[in-house]
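>>> just need the structure, nothing else, for what follows:
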Amino acid sequence: MKRTILLMALFVLSSGCSTIYVRINSDPPGAHIFWGPSKEEIGETPYTTPYARANTAVGPAWREFYYQLKKPGYRDSEIIFEAEARNRDRNIFVKLEPSSETITVPRDDRVDSPKPTRPTSAPDIASATGPPSTSPTSHPMTSPPGKESPAPAFTSIPFVGERWALIVGISSYQDSRIPSLRYGIRDAKAFHDWLVSSSGGRYAPSRVRLLLGQDAIAKNIKDALYNWLRGALAEDQVVIYFAGHGSPDSPDSPNNLFLLPYDTQYDDIATTGFPMWDIETALKRFIKAKRVVVIADACHSGGVGEGFDVARREGRGLKVNPIGSGLQGLSGVGEGVCVISASDDRQFSQEGQHWGGGHGVFTFFLLQGLNGEADYSKDGKVSLGELIPYLSEQVRRATKNSQSPTVAGKFDPALTIGK
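Coordinates of the predicted model:
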């Protein structure tokens, strides 16, 4: 009979809950970790994986998820983890030893173990401190203690389809009154080159669409989302990457959020910008793929356009650009959607020559991580469960905590962007 560790921690619900990172450690280390429902091996301890939750939930909003730990010479263990937290790391320590007893931690206990000594295989991961997530959690649960758990909300399924990608990058705009970015195009081109490289993502070039500068007009973006990506099947995977400006149309309508294509007009963002709800429509109605990763570096200023400039001249402090929250809201479309944004609502995404000779800090570390620096398990693949905490730590370190990537969605942490 397996030794079962039932970890249940309930924390006070509050608005502003965002992604937490859960680290599993074992004594002795090096236990193989299997995602419980699918029995798929996802790594070895120590292992870090992200979870997010919705701040709109009322009452219990979690359904159970669990892992299995196996190590030769020791009895198998299960971790049934029920936790809700606000901007905290969670560290789980499992002592592997011959035993058949069941250990239950009471429901009102907190999982607030001290952080372990930093291992050599992975960095200490701090939570991505972002805006309130409007997305569903990665693995919500409602199982009462002592009851047999239902299947988790997301079940890992081996990937057998094709990979598609839409890459959009804009540095300068047709309307010169919109502030230019230095490296939007270069960031997008570098990510594209990694995707199609034989040593990188190994995407088929015919399955990657690149829209840069003058090609990144609203019509072309909509055509790619509504028509071209319609060719992706349910078993395929889609990556959408955007580097450019994002903004509400004015300070007085913060919920009307837009990505700004090349042909956006400074004084008419409402009709020339690309509405966030059009992306949501594409994900709901046109893109059939059940695995979608949205990566966006769109918060470079506290709002763009005539309305924001007028407000600034009037002395109104504008320090929040809710484009990050709007992006995270896309993850609420359904299971399998992961949204990673470069910074939270109260931060600006930084770029500079000291990052790879000229990149945004977020994309620079995105590429570094995909090229192997985030491969903590040393298995030759970089999963989202490895990439996301890597991005969080490296971007925050490089910007002295002034930029914090955020993540939202209900997705398989074993999923990889490349092959």
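>>> only C-alpha atoms from now on, for both contacts and neighbour counts.
Noted.
>>> secondary structure class for Leu210?
Classification of Leu210 using DSSP: H, G, I helix; E, B strand; the rest coil returns strand.
>>> with adjacent residues omitted, what lies nearest to it?
Nearest residue to Leu210, sequence neighbours excluded (CA to CA, 6 or more residues apart in numbering): Ile167, at 4.8 Å.
>>> surely the one you found is in a strand?
Yes - the assignment for Ile167 is a strand, going by three-state DSSP.
>>> where in the protein is the helix or strand with the lowest mean pLDDT?
Using mean pLDDT, DSSP states H and E, the weakest-scoring helix or strand in the chain turns out to be strand 102-104, at a mean of 35.
>>> where's Phe34, which helix or strand?
strand 32-35 (DSSP states H and E).
>>> next SSE downstream of that strand?
Sequence-wise, the next helix or strand downstream of strand 32-35 (DSSP H and E) is strand 40-44.
>>> then that following strand to PDB, C-alphas only?
Taking Å, rounded to 0.1, in the frame of the first residue of the first chain, the C-alpha atoms of strand 40-44 are listed here in PDB:
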ATOM      1  CA  GLU A  40       3.500  10.700 -17.500                       C
ATOM      2  CA  GLU A  41       6.900  11.400 -16.100                       C
ATOM      3  CA  ILE A  42       7.500  15.200 -16.000                       C
ATOM      4  CA  GLY A  43      10.800  15.500 -14.100                       C
ATOM      5  CA  GLU A  44      12.800  14.800 -11.000                       C
END
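>>> could you give the mean pLDDT of it?
The pLDDT scores in strand 40-44 average 78.
>>> direction included, what does it pair up with?
strand 32-35 (antiparallel) (DSSP bridges).
>>> okay, now Ser198: neighbour count?
A count of neighbours around Ser198, defined by other CA atoms under 10 Å, yields 12.
>>> roughly how far apart are it and Arg186?
As judged by CA to CA, to the nearest Å, Ser198 and Arg186 stand 20 Å apart.
>>> would you map the helices across this structure?
Counting by DSSP state H, the chain has helices at residues 184-196, 218-226, 269-272, 276-281, 306-313, 323-329, 361-368, 384-398.
>>> going by mean pLDDT, which of these comes out lowest?
Confidence, taken as mean pLDDT, is least for helix 306-313 of the helices of the chain (a mean of 47).
>>> okay, now stretch 276-285: how far is its last residue from its first?
One end of stretch 276-285 to the other measures 14 Å (CA to CA).
>>> what lies in contact with it?
222, 225-226, 256-259, 326-327, 330, 333 (CA atoms under 8 Å, 6 or more residues apart in numbering).
>>> farthest pair in those?
Tyr226 and Asn256 (20.6 Å; CA to CA).
>>> buried ones in stretch 347-363?
Neighbour-count burial for stretch 347-363 flags 347-351, 358-363 (criterion: 16 or more other CA atoms under 10 Å).
>>> so which of those residues are in strands?
Applying DSSP state E to the buried residues of stretch 347-363, the entries found in strands are 351, 359-360.
>>> poorly predicted segments of the stretch 101-250 of the chain, please.
Low-confidence segments of the stretch 101-250 of the chain (pLDDT under 70): 101-160, 250.
>>> can you pull out the strands in it?
In the stretch 101-250 of the chain, the segments counted as strands under DSSP state E, counting those that start in this stretch are 102-104, 163-169, 208-212, 237-243, 246-248.
>>> can you say which of the ones you listed is nearest to Leu391?
Closest among the strands of the stretch 101-250 of the chain, using CA to CA: strand 237-243, at 15.6 Å.
>>> the closest one pairs with which strands, parallel or anti?
By DSSP bridges, strand 237-243 pairs with strand 163-169 (parallel), strand 291-297 (parallel).
>>> hmm, back to that, just put the strands of the stretch 101-250 of the chain in TSV and tack on mean neighbour count and distance to Ile33.
Below are the strands of the stretch 101-250 of the chain laid out as TSV (neighbours: other CA atoms under 10 Å; distance: least, CA to CA, whole Å):
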stretch	mean neighbour count	distance to Ile33
strand 102-104	12	19
strand 163-169	25	26
strand 208-212	20	33
strand 237-243	24	24
strand 246-248	30	39
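>>> the closest residue to Gly356 other than its chain neighbours and Ser331, how far apart?
Spatially, and ignoring its direct neighbours in sequence, Gly356 is nearest to Phe364 (6.6 Å; CA to CA, 6+ apart). Remark: distance between Phe364 and Ser331 (CA to CA) = 24 Å.
>>> list the beta-bridge partners for Phe93.
Taking DSSP bridges, one obtains Asn25 as the residues bridged to Phe93.
>>> list the contacts for it?
Applying CA under 8 Å, 6+ apart to Phe93 gives the contacts 24-27.
>>> of these, grab the buried ones for ChimeraX.
Buried members of the contacts of Phe93, defined by 16+ other CA under 10 Å, are picked up in ChimeraX with:
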select :24,25,26
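>>> widest-spaced pair of the contacts of Phe93?
Pairwise distances across the contacts of Phe93 (CA to CA) peak at 10.4 Å, for the pair Ile24 and Asp27.
>>> anything in contact with each of the two?
Shared contacts of Ile24 and Asp27 (CA under 8 Å, 6+ apart): 93-94.
>>> residues near the residue nearest to Phe411 when sequence neighbours are not counted, how many?
When the adjacent residues along the chain are set aside, Phe411 lies closest to Gly336, with 4.5 Å between them (CA to CA, 6+ apart). By the criterion of other CA under 10 Å, Gly336 has 22 neighbours.
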